[in-house]
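S.K.: Below is the sequence, then the predicted model.
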Amino acid sequence: MQSFRSEIENPVVEKDILELERKIRLFKEGQIDEERFRSLRLARGVYGQRQLGVQMIRIKLPYGKVTSEQLHRIADVSDEYSRGRLHITTRQDIQIHYVSLDRTPELWAQLEKDDITLREACGNAVRNVTASETAGIDPKEPFDVTPYAHATFEFFLRNPICQEMGRKFKMSFSATEDDSAISFIHDLGFIAKTKKVGDKEIKGFKVLLAGGLGSQPRQADVMYEFLETDLLIPTIEGVLRVFDRHGERAKRAKARLKFLVKSLGLDGFLALVEAEKRALAYQTYPIDTSKFEQEITFGTDEIPPVVIESLDEYNQWKKTNVLKQKQEGLYAVGIKVHLGDFYTDKARLLADLIKKYAANELRFTLRQNILIRHVREEFLPVFYAELKKLGFTDTGYNSLFDITACPGTDTCNLGIASSTGIAAQLEKVLKAEYPHYVDNTDITIKISGCMNACGQHNMAHIGFQGMSVKVGALLAPALQVLIGGGIVGDGQGRFADKLVKIPSKRGPEALRILLNDFEANKEENEEFLSYYDRNGKTYFYDLLKELSDTSNLTDEDFIDWGHNEKYVKAIGVGECAGVVIDLVATLLFESEEKIENASEALNEGQWSDSIYHSYAAIINTAKALLTSEGAKTNTQAGIITSFDKVFVETNKIELPTTFSELVYQINQNEPTEAFAKKYLQEAKTFYTTIDAYRKVEVALEN
């Protein structure tokens, strides 16, 4: 297992991977409890599967960009450590499944050879930063958001302010007002804008705050109509600091940013963000865009001869799958990937293709597809011929035929009903009965296997959510049908209305009813959402309610799509059991690690990082003692208040000041070397005080 050490050039990455390896060993020896280990491995992209004893690995690919070399590396890793299947997610990541926990450090080390990370792909951290796949090539964009998405990814990767938040944090960058990166459902969403100031054109973003999906979807608030690009990173850091300190931690269902902003109100939240400004390492943060403005180069100028067997098919493919770029003479080629799943043999051939005939870049898309960029017009026949050999020329890229679905009960712990199974059936219906919709981009179908909305079902024109329905003593797989969601544009969106719950086997018939009624009753040139609004929710409920009748189910209705045996509603285990040890001792042990991290950052001249590590150590230490008293520790701000009440005001713990005064130095001082040294020493002293108190208490208890 140690053989990878000499292969990693970056010492920070090497330390990270060795730490994962060490924690795996400690977990298996029973020296780390299951909850603590879960938090650590999730932050390293290692996610428990529904199936026992194996893991899903999420590979973090900022804004979905991949080179030929990186795609080859991912394919090699999937073959070596998994089963050769790659899954594109709705956040532009790649997931591979059925990986042994013991081999994850080695797998990670292999990926890092081509600058690919697992770090913070899962867990309560900043997740993959997504962006419009057309960023940089869109004729309508005011500027390329790619450099800003990349800078955001780099700045917050391993950043101490966002390593152990109460919940995950998601950000997106949309290239145009069409908002193809769906800003309104993100914790922070950014839409590219420009404005004139005198004779200068200034770049910036419309900023959307605290959106989300899940069981309680929320439309994001407009945080700023225009934020200059130099203020992007400081603004994100301020929001993250407030979320880390004030966000819920005990009640997982209420721990997303949307609940905190709803509780505080937008003005109250922004006041807290403003109060963090003094503590930031950068008041402005100019982003270098030059490396993203380099000349586009190609692997060859030679155009090989190809034979197009059917010009009609080729022209239809060009109509639905080929996009004109803003760069003269260049095109992007969309590949419709069924449910986001493809295999390593095709991945390698695709990697070779983009290396030779494009500019060595593709992007995985938010709809689980692939977009090849920078294809010269004369190479389009070559791409068609080569992609056809791979089965990658299905028409209908980003159309109604292009259904989005999460993995559901295939591999996910939380899946209730099969999302991939019903998606396959709906696609068959569309191809066989509605071929004229192949280029319809007005309607989207999205499917999730549970309420968590990884398939984004509740912002689709037509959505399906996996559920179950009780019929006597039996359970049948079911679908909640939703209608009326979609992207409005410029940060505005709509969430779909829940209509009716039907047995899963009736999903195809529900789609037929909806499309047939749309065709029969829409007005001339009327779009689907206008047709829905004109008729209203009750009209569509009446259309579908007959399908909800469970009094006449057959044996077939009790078998989910893609399965052969009767349905069983089950939440997969997929997590190894560990020996539960003293949580207070574990928290104190983690405080020691945070103090060590603060010392290392101080030695490296990273004052802001050192200060935040010290802050985290102080909070963690206080949490340990409050936990021993059974006190609430659901927010960091609550911990600060409670510690004063429970320990300082009662004189159980003597401090030079109140605990609040000790802690809140963090946002009242600039991140200087002097303050970093002072704060670290105070964190050490506080830890020593609490550790001594705890040892006396334990001795008295025994």
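M.R.: On my side now, so go ahead. Residues are numbered from 1 along each chain as shown.
S.K.: Can you give the domain ranges for the protein?
M.R.: Per automatic domain parsing, the domain ranges recorded for the chain read 2-112, 130-291, 295-389, 404-558, 583-701.
S.K.: quick one: buried residues of stretch 482-499?
M.R.: Buried residues in stretch 482-499, defined by neighbour count with 16 or more other CB atoms under 10 Å: 482-487, 490-491, 493-499. No exception for glycine: its C-beta is placed from N, CA and C like everyone else's.
S.K.: lowest average confidence, helix or strand, in the chain?
M.R.: Using mean pLDDT, DSSP states H and E, the weakest-scoring helix or strand in the chain turns out to be helix 34-42, at a mean of 80.
S.K.: Point out the other helices and strands that it packs with.
M.R.: helix 11-28 (3 or more CB pairs under 8 Å, 6 or more residues apart in numbering; DSSP states H and E).
S.K.: any idea of the mean pLDDT in the helix it packs on?
M.R.: Averaging pLDDT along helix 11-28 gives 90.
S.K.: Now do that helix: which elements does it pack against?
M.R.: helix 34-42, helix 104-112.
S.K.: partner strands of the helix or strand hosting residue 468, parallel or antiparallel?
M.R.: Using DSSP states H and E, residue 468 falls within strand 462-471. Sheet pairing for strand 462-471, assigned by DSSP bridges, gives strand 445-448 (parallel), strand 474-483 (antiparallel).
S.K.: got the helices and strands packed on helix 11-28 as JSON lines, with mean neighbour count columns?
M.R.: Shown next, in JSON lines, are those (neighbours: other CB atoms under 10 Å):
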{"stretch": "helix 34-42", "mean neighbour count": "18"}
{"stretch": "helix 104-112", "mean neighbour count": "22"}
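S.K.: Just give the nearest non-adjacent residue to residue 395, would you?
M.R.: residue 320 (4.5 Å; CB to CB, 6 or more residues apart in numbering).
S.K.: brain fart, residue 261
M.R.: residue 210 (3.9 Å).
S.K.: How about the contacts made by residue 598?
M.R.: Taking CB atoms under 8 Å, 6 or more residues apart in numbering, we find residue 598 in contact with 610-611, 613-614, 617, 676, 680, 683.
S.K.: do that again at 10 Å, thanks
M.R.: Neighbour list for residue 598: 160, 606, 609-617, 676, 679-680, 683-684 [criterion: CB atoms under 10 Å, 6 or more residues apart in numbering].
S.K.: just to revisit the earlier point, share the number of residues neighbouring the residue nearest to residue 395, please.
M.R.: By the criterion of other CB atoms under 10 Å, residue 320 has 21 neighbours.
S.K.: can I assume it is in contact with residue 401?
M.R.: Yes - using CB atoms under 10 Å, residue 320 makes contact with residue 401 at a distance of 8.8 Å.
S.K.: who's in contact with residue 314?
M.R.: Listed by CB under 10 Å, 6+ apart, the contact partners of residue 314 are 308, 380-381, 384-385, 388, 393.
S.K.: Generate a PyMOL selection restricted to the buried entries among these.
M.R.: Restricted to buried positions by 16+ other CB under 10 Å, the PyMOL selection for the contacts of residue 314 reads:
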select buried, resi 380+381+384+385+388+393
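S.K.: Go through the contacts of residue 314 and name the one nearest residue 24.
M.R.: For the contacts of residue 314, the residue nearest residue 24 by CB to CB is residue 393; the value is 43.1 Å.
S.K.: tell me the contacts of that closest one?
M.R.: Residue 393 sits next to 313-314, 316-317, 321, 333, 335-336, 383-387 when contact means CB under 10 Å, 6+ apart.
S.K.: Much appreciated, bye for now.
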